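Chemist: sequence first, then the predicted structure:
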Amino acid sequence: MSITDDVETIRRDGFLVIPDLLAEDEIAELRQALAPYLDRRGRNDFEGFETERVYTLVARGAPFERLAEHPRVLELCDEFLEPSYLLTASQAIRIHPGETPQPWHTDDGFYRIPRPRPAVSLSTIVAIDPFTTINGATQLVPGSHLWDDAPIDAELARLAAAFASGSQAHRAPSPAPPLPPTLEGRVVDAVLPAGACLVFPGTLLHRGGENRSAAPRLAISNQYCQPWARPQESFLLAVRRERAARMSPRLQGLLGYSIHPPFMGHVGGIHPARLLDPTRTP
């Protein structure tokens, strides 16, 4: 499909599946690079008490750097976001057996701009393990990216309780509430082969699914936002400067070593990329 077809699909349905973003060797490389960091389960129902998450993934190795600036993904970002857009989140998510569904949410719901509206962010979820209907495949509500505030706010109202951290002794997944009438018959499971990528705007209602299988399912999610929006992760603090200095100029810009014209993002009146290389002329 052409980029025009891809954009039309996202605008119409609210999501796109790229079935072959990664080859088998790339999947294996990512899995091996990630293995040392998968050791912490979630603190609340949103993160998932039976879900492992690794944040600031882009700072944990060259395979994650390459994925964050994958040309196929950035081609779509170029269509939906303004120039000098930013990486807003970079994480791995491994949902273990026994995990219950996440609360329904949108990825740019914290930008309190009235809906319907263009998305402030674009999300990607790359399947490292295949996604199935029983192992926690992401669930989507097609068309919900076009909804106004009322039905979205009704779902987001349930989120506050999901962020309450439980004690170590009482961290157990909460049973999923019944599907609200507004979502009956609308939910789609994103069944994906390993290496596929799900792309959707930050306005789409979705959630991580319930894992009723006997094995975990692993995914990597990179999200991108408008250059004028505050990113979810503070990459300028989270990524050591010496590591950022070794990254490609394109990736440095995604982390925030960039200017949104005319001068948003400057440091003392100079381009932030000069903090990485004083001789550089951006």
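Modeler: Arrived safely. Numbers count the residues shown, from 1 in each chain.
Chemist: please enumerate the strands of the stretch 151-282 of the chain.
Modeler: Ranges of strands within the stretch 151-282 of the chain are 188-189, 197-201, 206-207, 217-225, based on DSSP state E, counting those that start in this stretch.
Chemist: compare those strands and report which one is nearest to residue 256.
Modeler: strand 217-225 (10.8 Å; CB to CB). For glycine as for every other residue, the C-beta is placed from the backbone atoms N, C-alpha and C.
Chemist: partners of that closest one in the sheet?
Modeler: strand 86-95 (antiparallel), strand 121-127 (antiparallel) (DSSP bridges).
Chemist: any chance you could list what contacts the last one?
Modeler: It refers to strand 121-127. Strand 121-127 has contacts (CB atoms under 8 Å, 6 or more residues apart in numbering) with 21-22, 67, 73, 76-77, 80-81, 88, 107-108, 138, 190, 192-202, 204, 217, 219-226, 229.
Chemist: thinking again about what came up before, closest one to residue 165 among the strands paired with strand 217-225?
Modeler: Shortest distance between residue 165 and those, using CB to CB, is found for strand 86-95: 17.8 Å.
Chemist: name the residues of the worst-scoring helix or strand of the chain on mean pLDDT that come out as buried.
Modeler: In the chain, no helix or strand scores lower on mean pLDDT, DSSP states H and E than helix 159-162, which sits at a mean of 78. By neighbour count, and taking 16 or more other CB atoms under 10 Å as the criterion, the buried residues in helix 159-162 are residue 159.
Chemist: next: stretch 231-242.
Modeler: Result for stretch 231-242 [16+ other CB under 10 Å]: buried residues 231, 232, 233, 235, 236, 239.
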